[in-house]
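Visitor: when you get a sec, could you give me coordinates for this:
(one chain, ligands or ions: 2)
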Amino acid sequence: MDSKNTKTNNEENGKTLRPPVVVVMGHVDHGKSTLLDYIRKSNTVLGEAGGITQAISAYEVKHKDDEGVDRLITFLDTPGHEAFSKMRERGALAADIAILVVSAEDGIKTQTLEAYNTIIESKIPYVVAINKIDKPNANIEKVKMELVEKGIYLEGLGGDIPFVPISSKVGTGIPELLSMIILVADIHAFTGNPSINAEGVIIEANREPKRGISATCIIKNGTLKSGMFVVCGRAIVTTRIMENYLGKMIKEATFSSPIRLVGFESMPEVGGSFKSFKTKKEAETYVQEIIDGIPQVINKNGVEAQIGKRIPLVIKTDVMGTIEALEKEIAKLNSDEISFKIVSKGVGAINESDLKMARDNKESIIVGFNTKIDPGARDLNEQYKVTVETFDIIYKLTDWLKAILEERRPRQEVMEITGTLKVLKTFGATKERQVVGGKVITGRITDGGIIRIIRRDFEIGRGKIVGLQLAKIKVKEVLEGTDCGVLIESKIDVAPGDNLEAFITVIK
Ligand SMILES: Nc1nc2c(ncn2[C@@H]2O[C@H](COP(=O)(O)OP(=O)(O)OP(=O)(O)O)[C@@H](O)[C@H]2O)c(=O)[nH]1
Ligand SMILES: [Mg+2]
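Guide: Numbers count the residues shown, from 1 in each chain. Ligands and ions are numbered 1, 2, ... in the order given. Below you'll find the model as predicted:
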């Protein structure tokens with residue numbers, strides 16, 4: 001991985017610049033694979049049956065920048081066929097920059113626009129490549145106009161979207177396109193921290209007849225070393241078989257490399273993110289606590305048990321001593337029904353890794369005491385939307401947590417009987433409507449109320465009161481001890497001797 005030290009930053013928080021991940025998108029046959037193939041100077045595209053790309057593929061290439069420094073770029077090829085819109089979305093999800101390929105011969109087509117919308121939704125910067133300019137019918141000016149008409153304002157035409165006319169076949173404009181990509185990457189300065197455990201995105205997964213389930217993953221941050229464990233959703237995989245994009249076994253990989261991991265027990269979710277851990281235990285605990293939300297706690301009898309609902313909690317404070325005090329206070333709030341499970345605690349501002357820790361379980365909460373959310377994390381949380389709050393008074397913090405427990409505790413629907421009527425007589429019925437006479441023996445019976453029909457202590461059906469009469473006068477309500485006439489809507493035939501129980505459902 002020595003060639004990775006592209007251009008390094010001032011090592012702020014251990015972060016360095018990382019190579020960009022670039023997704024190539026566009027209409028079918030506009031030349032995406034040919035472009036990547038030219039960039040790689042190989043000929044695999046020619047061997048592709050029919051030339052239609054059917055999966056995302058990933059490559060790493062080198063390109064010398066203005067100063068002659070070798071720069072790495074990771075490319076993701078996506079299919080242009082309309083059936084593969086999900087794959088284009090995933091490609092955009094994993095990428096930092098997009099290239100929108102448009103044929104100079106055909107101009108804008110349906111999937112050009114679809115790809116464009118996907119790029120816009122992913123909020124990534126992009127470059128337009130007008131391809132096939134070697135063709136006799138190529139009309140660059142016409143394509144530029146079409147793009148502008150669709151709101152893609154190119155540089156020099158009222159906007160700032162960079163574009164490069166290219167020929168993927170002959171190679172015209174390709175060095176310029178690569179330099180443009182490096183320029184865009186430098187402007188956006190994508191960074192990563194090589195010293196943390198790798199995390200990233202799964203871009204494809206499949207079952208190979210001999211080797212089992214494997215997946216292509218793009219590392220977006222951190223480093224993955226052999227011996228570590230990778231978790232995607234519930235799927236855990238070892239790094240025993242880790243390959244680079246050429247299928248060569250490797251022992252270590254870092255951002256922004258595409259790698260292939262083999263040996264998943266279950267199919268990882270394509271488009272999902274992955275995290276990695278140094279030990280299997282950590283990986284398993286992560287799956288149980290964060291993904292499944294299953295608590296692993298010691299109950300009153302000292303036995304490991306799974307009880308109640310747990311809310312994962314991340315605590316950040318100004319000094320170490322406060323953490324213990326907070327932990328004690330928080331423990332007092334916990335009950336068998338619902339409690340906080342502290343998944344991470346530490347000193348300092350609430351940062352991006354706290355957010356990443358919390359975001360996999362939407363119940364997670366981050367609290368800071370005498371500390372702030374750092375600005376980067378605040379921005380990132382516009383996207384993650386993790387519940388984060390900071391306090392400088394302990395009781396305010398615990399009051400807030402108490403309110404959260406109350407709000408989130410499991411609710412039960414409880415049926416409350418509000419009145420019982422004993423049926424004494426029945427008078428004819430018309431289509432699901434029956435008139436009965438009876439006596440209210442407990443509580444009250446109200447017009448419009450829902451009833452259970454009880455025969456010999458069993459509920460035989462339900463119905464609704466649609467009319468009440470007291471001595472032939474319509475009333476809204478009849479109280480205990482009173483005889484009355486009731487009009488009921490029910491599919492069940494009510495008989496003398498039945499009890500009608502009026503009830504309401506209360507959420508407790
Ligand atoms: N003359 C010329 N032909 C090109 C150029 N780029 C691509 N082609 C041809 O256009 C056809 C389609 O190219 P591909 O690279 O497979 O297109 P694609 O965009 O990857 O297609 P899908 O993956 O199916 O969406 C092939 O026959 C290429 O040889 C170019 O710049 N000039
Ligand atoms: Mg292709």
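
Visitor: please name the bridge partners of the closest residue to ligand 2 within the stretch 101-250 of the chain.
Guide: Nearest residue of the stretch 101-250 of the chain to ligand 2: Val101, at 9.5 Å (Cβ to the ion). In short, each C-beta sits where N, CA and C put it, glycine included. Assessed by DSSP bridges, Val101 has beta-bridge partners Gly26, Ala129.

Visitor: how far away is it from Ser33?
Guide: 10 Å (Cβ to Cβ, to the nearest Å).

Visitor: and if you look at Leu17?
Guide: For Leu17 relative to Ser33 (Cβ to Cβ), the value is 28 Å.

Visitor: which of the two has more residues huddled nearby?
Guide: Comparing Leu17 with Ser33 by other Cβ atoms under 10 Å, the one with more neighbours is Ser33, at 24 against 19.

Visitor: need the nearest residue in space to the closest residue to ligand 1 within the stretch 51-200 of the chain, chain neighbours excluded.
Guide: Closest approach between the stretch 51-200 of the chain and ligand 1, counting by Cβ to the nearest ligand atom: Gly80, at 2.5 Å. Excluding the flanking residues, the one nearest Gly80 by Cβ to Cβ, 6 or more residues apart in numbering is Val28, at 3.7 Å.

Visitor: tell me the SS of that neighbour?
Guide: coil (DSSP: H, G, I helix; E, B strand; the rest coil).

Visitor: just the strands in the stretch 201-350 of the chain please.
Guide: 212-221, 223-225, 229-232, 235-238, 242-243, 252-254, 258-264, 273-277, 297-298, 304-305, 309-317, 338-347 (DSSP state E, counting those that start in this stretch).

Visitor: with the stretch 401-508 of the chain instead?
Guide: Using DSSP E, counting those that start in this stretch, strands in the stretch 401-508 of the chain cover 413-430, 433-446, 450-455, 458-470, 473-474, 477-479, 483-490, 499-507.

Visitor: those strands into CSV, with extra columns for mean neighbour count, distance to ligand 2 and mean pLDDT?
Guide: Listed next are these as CSV, based on neighbours: other Cβ atoms under 10 Å; distance: least, Cβ to the ion, whole Å; pLDDT from 0 to 100:
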stretch, mean neighbour count, distance to ligand 2, mean pLDDT
strand 413-430, 14, 54, 87
strand 433-446, 18, 67, 95
strand 450-455, 19, 61, 92
strand 458-470, 15, 60, 91
strand 473-474, 10, 76, 94
strand 477-479, 18, 73, 95
strand 483-490, 19, 63, 94
strand 499-507, 16, 55, 87
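
Visitor: save those strands as JSON lines, and put in distance to Glu105 too.
Guide: Formatted as JSON lines, the strands of the stretch 401-508 of the chain follow (distance: least, Cβ to Cβ, whole Å):
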{"stretch": "strand 413-430", "distance to Glu105": "64"}
{"stretch": "strand 433-446", "distance to Glu105": "73"}
{"stretch": "strand 450-455", "distance to Glu105": "69"}
{"stretch": "strand 458-470", "distance to Glu105": "69"}
{"stretch": "strand 473-474", "distance to Glu105": "80"}
{"stretch": "strand 477-479", "distance to Glu105": "80"}
{"stretch": "strand 483-490", "distance to Glu105": "70"}
{"stretch": "strand 499-507", "distance to Glu105": "64"}
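
Visitor: tell me how far Lys280 lies from Leu333.
Guide: 32 Å.

Visitor: which one's more surrounded, the two?
Guide: Comparing Lys280 with Leu333 by other Cβ under 10 Å, the one with more neighbours is Leu333, at 15 against 12.

Visitor: residue contacts, that one?
Guide: 339-340, 398, 401-402, 405 (Cβ atoms under 8 Å, 6 or more residues apart in numbering).

Visitor: narrow those to just the buried residues.
Guide: 339-340, 398, 401, 405 (16 or more other Cβ atoms under 10 Å).

Visitor: find the helix or strand that Gly200 is a member of.
Guide: Per DSSP states H and E, Gly200 falls inside strand 199-208.

Visitor: so which elements touch that strand?
Guide: In this structure, strand 199-208 makes packing contacts with helix 85-94, strand 212-221, strand 258-264, strand 273-277, judged by 3 or more Cβ pairs under 8 Å, 6 or more residues apart in numbering; DSSP states H and E.

Visitor: host element of the closest residue to ligand 1 within the stretch 351-500 of the chain?
Guide: Nearest to ligand 1, among the residues of the stretch 351-500 of the chain, is Gln383, at 29.6 Å (Cβ to the nearest ligand atom). Taking DSSP H and E as the criterion, Gln383 maps to helix 375-384.

Visitor: need the next SSE after that helix, C-terminal direction.
Guide: In N-to-C order, the element after helix 375-384 by DSSP H and E is strand 387-391.

Visitor: low-confidence stretches in the stretch 201-350 of the chain?
Guide: 289-308 (pLDDT under 70).

Visitor: try 50
Guide: 294-307 (pLDDT under 50).

Visitor: measure Ile311 to Asn334 for me?
Guide: Ile311 is 10 Å from Asn334, by Cβ to Cβ.

Visitor: which one of those two has more residues nearby?
Guide: Between Ile311 and Asn334, Ile311 has the larger neighbour count (other Cβ under 10 Å), namely 23 against 17.

Visitor: any idea what the more buried one is bridged to?
Guide: Applying DSSP bridges, one finds that Ile311 bridges with Phe340.

Visitor: returning to that earlier point: contacts for the strand holding Gly200 next, please.
Guide: Counting by Cβ under 8 Å, 6+ apart, residues outside strand 199-208 touching it are 55-56, 58, 76, 90-91, 93-94, 213-222, 232, 255, 258, 262, 264, 267-276, 356.

Visitor: identify the residues contacting stretch 160-175?
Guide: 31, 34-35, 37-39, 63, 104, 126-134, 140, 144, 147, 152-155, 176-177, 180, 183-184.

Visitor: which of the residues you listed are buried?
Guide: 31, 34-35, 37-39, 63, 104, 126-133, 144, 147, 152, 154, 177, 180, 184.

Visitor: can you list which of those residues are found in strands?
Guide: Under the assignment DSSP state E, these contribute 63, 126-131 to strands.

Visitor: for those, which one is nearest Arg240?
Guide: His63 (32.7 Å; Cβ to Cβ).

Visitor: apart from its chain neighbours, what residue comes closest to that closest one?
Guide: Nearest to His63 is Leu178, by Cβ to Cβ, 6+ apart, at 4.3 Å.

Visitor: and if you look at Ile465?
Guide: Closest to Ile465 by Cβ to Cβ, 6+ apart is Gly449, at 5.0 Å.

Visitor: near ligand 1, which residues of this structure show up?
Guide: 26, 28-34, 45, 51-53, 79-81, 131-132, 134-135, 167-169 (Cβ under 6 Å from any ligand atom).
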